[in-house]
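> fold the following for me, if possible:
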Amino acid sequence: MLANLTPFLLHWAITAFGLWVAGHVFKGMHFASGGALAVAALLLGLANAVVRPLLVVLTLPLTLLSFGLFLLVINALVLMLVARLVRGFHLDGFWTAFWASLFMSLLSLVLGAFILGGTPEYTIETSPAPGQTWL
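Below is the predicted model of the structure:
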């Protein structure tokens, strides 16, 4: 179980760093404190794991009609949801959230490739390998 803690903490740090950089790049995105940034990064990871897949399924026809571009809108909406829930995290509007979420996605992709290396030892296993059982 502790083996899965390292990738989780790395993903959390990458998300927090992406939020921090985006807060400096975009004028309409503000953090009142480092604590608000850390909570926002944690909640953004949780929202991306739980809320975002539900939104993707619910808006699948619109996503297919837009050739997947509606996923960018979903990312912005999830970021706006996190800004509403975290005290000390402020977004000026939808377009700030849209461009900030696009920027953070690209930054997280690049940082994740360099830091995590995309190697299997940094993936979180959700089920046992064939022929193995979890205790």
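> CA atoms for contacts and neighbours, from now on please.
Will do.
> for stretch 59-76, list every residue counted as buried.
Along stretch 59-76, these residues count as buried under the neighbour rule (16 or more other Cα atoms under 10 Å): 63, 70-76.
> save those as TSV, and put in pLDDT and distance to residue 104 too.
Converted to TSV, the buried residues of stretch 59-76 look like this (pLDDT from 0 to 100; distance: Cα to Cα, whole Å):
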residue	pLDDT	distance to residue 104
63	91	21
70	94	17
71	92	14
72	93	12
73	94	14
74	95	14
75	93	10
76	94	11
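> among the residues you listed, which lie within strands?
Of the buried residues of stretch 59-76, none are assigned to strands by DSSP state E.
> just the ones of the residues you listed in helices?
Counting by DSSP state H, the part of the buried residues of stretch 59-76 found in helices is 63, 70-76.
> please identify which of those residues is nearest to residue 92.
The nearest member of those to residue 92, counting by Cα to Cα, is residue 76 at 12.2 Å.
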